[in-house]
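> Below are the sequence and a predicted model for it; my questions follow.
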Amino acid sequence: MRWEQLFADLDSRFADWADAELMAELPDRERQAAGSVTMVQRCAGAIGRSITVRTRGGRAHTGELREVGPDWLLLASAAEGETIVASAAVVTLDGLTSATGMPLTVVASRFDLRLALRGIARDRAPVTIGVMGARGDQGGTADLSGTLDRVGSDFLEVALHPAWEPRRASSVRSVVLLPLAAVDSVRSVPAA
């Protein structure tokens, strides 16, 4: 009987020590967990919410966050239509909650900006592209309107024409090559 009390007392002390050790480890575990969260995961926690994305080119894009890729965000708004924002151009995101999404699957992580833009090029839809540094010494972002002709591994070619017109040889002013790193955003042009 005495030994049962002794073992019960030792069990109780051991449980108290284990609880104290766990409580001491929790802040470290929380910091480690927070330290492994990616921007993609933070953004995925805000899908369906209205957010504002400010970019290096000085633009502010506001809309409902519809989708998150490994290096892009898709926003939709009544004012701008659908806009893909390159993650490399993002300076701040406003409107996120404390929610964090899951990491991208292996397949989803391969659906990068190039693949998203190739889909738009295949659609032959006119777009407006925000190009960082296109204003020379002034910095900022300038818009180019046209159709994506080709998307390479690190560039895209755009046939420049009025945004409200479909791509026709008679309406194309020129074809320009843009480094993918210069792309701030790609916005759909609402159908007329």
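That came through fine. Numbering: from 1, shown residues only.
> show me the residues around P70 that make contact.
40, 87, 104, 108-112 (C-beta atoms under 8 Å, 6 or more residues apart in numbering). For glycine as for every other residue, the C-beta is placed from the backbone atoms N, C-alpha and C.
> In helices only, show me these.
Here DSSP state H is the test, and the contacts of P70 give 40, 108-109 as lying in helices.
> Now restrict those residues to buried residues only.
Among the ones in helices among the contacts of P70, those classed as buried by neighbour count (16 or more other C-beta atoms under 10 Å) are 40, 108.
> isn't G133 right next to A182, touching?
Yes. With contact defined as C-beta atoms under 8 Å, G133 and A182 form a contacting pair (6.3 Å).
> for the protein, what spans make up the strands?
Secondary structure of the chain by DSSP state E: the strands cover 50-55, 60-68, 72-77, 81-86, 90-94, 126-132, 141-151, 155-160, 174-179, 183-188.
> looking at those strands, which is closest to P166?
Nearest of the strands of the chain to P166, taken as C-beta to C-beta: strand 126-132 at 6.9 Å.
> how big is the angle separating the closest one from strand 81-86?
Note on geometry: by axes from the mean of the first three to the mean of the last three C-alpha atoms, to 10 degrees, strand 126-132 and strand 81-86 are set 40 degrees apart in direction.
> Neighbouring strands - and their directions - for strand 126-132?
strand 141-151 (antiparallel), strand 183-188 (antiparallel) (DSSP bridges).
> quick one: that strand to chain centroid distance?
17 Å (C-alpha atoms, centre = their mean, to the nearest Å).
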